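Asker: sharing a sequence plus its predicted fold:
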Amino acid sequence: MDLAQALRRAGINAVFFGYRGAWGSEGNFSYQNCIDDTNTLIDFFKQPANIEKFRIDPAKFIVMGHSMGGFVTMNVAKAQKDVKAYVYLSGWNVGYEAERLQKADADAVAKRKQGLAASAAPLKGTNAELLYDEILSMKDTHNLVNFVPELAGKKFLMVTAKKDTACPAEYDHIPLYDALKKAYPNDVSEFTLDTDHVYSVSRVEMIRGVFEWLQSISY
């Protein structure tokens, strides 16, 4: 929310919303529903009446997401051909994790399900088993590295943190960044912060980095 408020202060329309089934929203939560909800929101703001009502420049949509939101962001980048700017903040590559989980031992699987149970606490219509099964179902379809050939003509900012244990850079950042940078060397930027997954001691630095990137692409 601090990033959203900083964007608003700079004169940018900023929309922060709850996915269905999360934080009191109606409906049932799933990772696919999060992707669908975000695409629905963008499509809403592409409607001519809403462009006029909210004073939107449809040529300058920006999609930003943190953690699971980073995963959603890259799925949106694949789906929204005319949306050109994306920020992946310590994102999560669900498809790549699914590959690793299928090779993991029983203790590692149990630990992951325990973490998912904690994540499911504020969510409606789901639980650790459903979330785990959905992760596994995305192995062949949602490895973000495989999206790269479909992302030409877009701009990306990739942000990671040295002490991130929730979405470690070696799994969730570096392979995707390297693939994007190789394919589109002039369209991908990156910075790394010396902090944890939620940028606990680097919020201002993170926000400043996002703004510097927006200026570099003339947004």
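Answerer: Happy to help now that I have it.
Asker: helix/strand/coil for the residue nearest the centre of the chain?
Answerer: Nearest to the geometric centre of the chain sits G70, at 1.3 Å (C-alpha atoms, centre = their mean). Three-state call for G70 (DSSP: H, G, I helix; E, B strand; the rest coil): helix.
Asker: from memory G27 sits against C34, does it?
Answerer: No. In this structure G27 lies outside contact range of C34 using C-beta atoms under 8 Å: 10.9 Å. All C-beta atoms are positioned from the backbone trio N, CA, C, and that covers glycine.
Asker: higher neighbour count, those two?
Answerer: A direct count of neighbours by other C-beta atoms under 10 Å for G27 and C34 places C34 higher, at 20 against 13.
Asker: state the distance from that one to F54.
Answerer: For C34, the distance to F54 (C-beta to C-beta, to the nearest Å) stands at 23 Å.
Asker: what does I12 give?
Answerer: 12 Å.
Asker: now the helices for this structure?
Answerer: 2-9, 31-46, 48-53, 68-79, 94-102, 106-119, 128-137, 169-172, 174-183, 203-216 (DSSP state H).
Asker: most tightly packed of these?
Answerer: With neighbours defined as mean count of other C-beta atoms under 10 Å, the helices of the chain peak in mean count at helix 68-79, which reaches a mean of 22.
Asker: what packs against it?
Answerer: helix 31-46, strand 62-66, strand 85-89 (3 or more C-beta pairs under 8 Å, 6 or more residues apart in numbering; DSSP states H and E).
Asker: the first one versus strand 62-66: what angle between them?
Answerer: Interaxial angle of helix 31-46 relative to strand 62-66 (axes from the mean of the first three to the mean of the last three C-alpha atoms, to 10 degrees): 150 degrees.
Asker: hmm, back to that, if I look at the residue nearest to the centre of the chain, how far off is A59?
Answerer: 23 Å.
Asker: per-residue confidence at G65?
Answerer: Here the pLDDT value assigned to G65 is 98.
Asker: so what's it up against?
Answerer: 71-73, 87-89, 91 (C-beta atoms under 8 Å, 6 or more residues apart in numbering).
Asker: what about 10 Å?
Answerer: 34, 38, 71-76, 86-92 (C-beta atoms under 10 Å, 6 or more residues apart in numbering).
Asker: give the bridge partners for it, please.
Answerer: Assessed by DSSP bridges, G65 has beta-bridge partners Y88.
Asker: give me the neighbour count for S67.
Answerer: As a measure of burial, S67 has 17 neighbours, counting by other C-beta under 10 Å.
Asker: residue contacts, it?
Answerer: 89-92, 164, 166-167, 172, 197-198.
Asker: now the common contact residues for G27 and C34.
Answerer: Counting by C-beta under 10 Å, 6+ apart, the residues touching both G27 and C34 are 19-21.
Asker: quick check, pLDDT for the closest residue to G153 other than its chain neighbours.
Answerer: Leaving aside its chain neighbours, G153 sits nearest to K84 (6.8 Å; criterion: C-beta to C-beta, 6 or more residues apart in numbering). pLDDT, K84: 97.
Asker: what does A121 give?
Answerer: 92.
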